[in-house]
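*Asks:* turn this into a structure:
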Amino acid sequence: MRKSLSLLPISLALALAACGGGANDTAESGASSSGTVEAVEAPAGQKWSETVSKTDAGGIVMGNPDAPIKLVEYMSITCSHCKDFGEQAFAPLRDNYVESGKVSFEVRNFVRDPLDLTAAILSRCGGEGPFFPLTEQALSNQGTMFEKAQSMGEATYSDILKSAPETRFVRLAEQLGLIAFFQQRGISEDQAKACLADTAAAESLMNGTQKAAEEFNIEGTPTFLLNGQKIEGTNWAVVETKLKEAGAR
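*Replies:* This next block holds a predicted model:
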């Protein structure tokens, strides 16, 4: 069934609820290989970590587009486990794996709630280039965003969600301090408001989430696919073990 913006959860308490799909932090499944993948040099004057593009699945991928090892993260900006993974993994994943040309890293937003959707829209507002640093910083802003959400109160939150779709996420972003937050990181106020008013972009993110739930049985975040196979684990130690088993040594 296709999700629509009207189906977003109304309760603020639900939006602030814990995330995660109950996966154990073990490395028992996922793609594996007995060999070692050779490094691939980036084109002259380029770095694989700066090679970023949008994928057919609606995600944003960093790295060698022909990398033999493809890591996908379904993530939510309002998920504490995704924040933890970002803090643990972003630098070593980029520097030790993506830069080698052996691994590409794709993030697909799995939107959990209106707060998450608002932040996800803004993280994509500057296009593919700044997506990864903006997402990393948005995850680090979780605590402040949640504080502002709680101080907003249930009545204001419900009133915002009842407003027209083209104004709903603008109002929510203003309450959460997200327009100012992203403005400090290169997204102008007018640009942010235009992105937030784009109902087609919001619907696309919602539809991508629905498709992921149906196609890969994604139940929580973060969830990882390695060459199309789900990894049963949510932390960097598990993911790095599977990358090495797949040949990224």
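
*Asks:* and the helices in this protein, which stretches?
*Replies:* 12-15, 80-92, 114-123, 131-140, 142-152, 154-161, 165-176, 178-183, 189-196, 199-216, 236-245 (DSSP state H).

*Asks:* count of neighbours near E136?
*Replies:* E136: 17 surrounding residues under other C-beta atoms under 10 Å. C-betas here are computed from N, CA, C, even on glycine.

*Asks:* that one reaches A91, doesn't it?
*Replies:* No. Contact status for E136 versus A91: not in contact, 9.5 Å apart, counting by C-beta atoms under 8 Å.

*Asks:* so which of the helices of the chain is nearest G58?
*Replies:* Taking C-beta to C-beta, helix 199-216 is the member of these nearest to G58, at 4.4 Å.

*Asks:* now do that closest one against helix 114-123, angle only.
*Replies:* Interaxial angle of helix 199-216 relative to helix 114-123 (axes from the mean of the first three to the mean of the last three C-alpha atoms, to 10 degrees): 110 degrees.

*Asks:* for helix 199-216, buried residues please.
*Replies:* Judged by neighbour count (16 or more other C-beta atoms under 10 Å), helix 199-216 contains these buried residues: A201, A202, L205, M206, G208, T209, Q210, K211, A212, F216.

*Asks:* quick check: the gap between the second one and G177.
*Replies:* Translated: A202. 20 Å (C-beta to C-beta, to the nearest Å).

*Asks:* over to the fourth one?
*Replies:* Between M206 and G177 the distance is 23 Å, computed by C-beta to C-beta.

*Asks:* and if you look at the third one?
*Replies:* Computed with C-beta to C-beta, the distance linking L205 and G177 is 21 Å.

*Asks:* surely Y157 and L12 touch.
*Replies:* Yes. With contact defined as C-beta under 8 Å, Y157 counts as touching L12 (4.4 Å).

*Asks:* need the residues touching each of those two.
*Replies:* Common neighbours of Y157 and L12, counting by C-beta atoms under 8 Å, 6 or more residues apart in numbering, are A149.

*Asks:* hang on, the earlier thing: what's the most buried one of the helices of the chain?
*Replies:* helix 114-123 (a mean of 26; mean count of other C-beta atoms under 10 Å).

*Asks:* other residues contacting that helix?
*Replies:* So helix 114-123 is contacted by 8-9, 15-16, 76-79, 109, 111, 131, 134-135, 138, 145, 149, 161, 168-169, 172-173, 176, 178-179, 182, 187, 192, 195-196, 198, 201-202, 205-206 (C-beta under 8 Å, 6+ apart).
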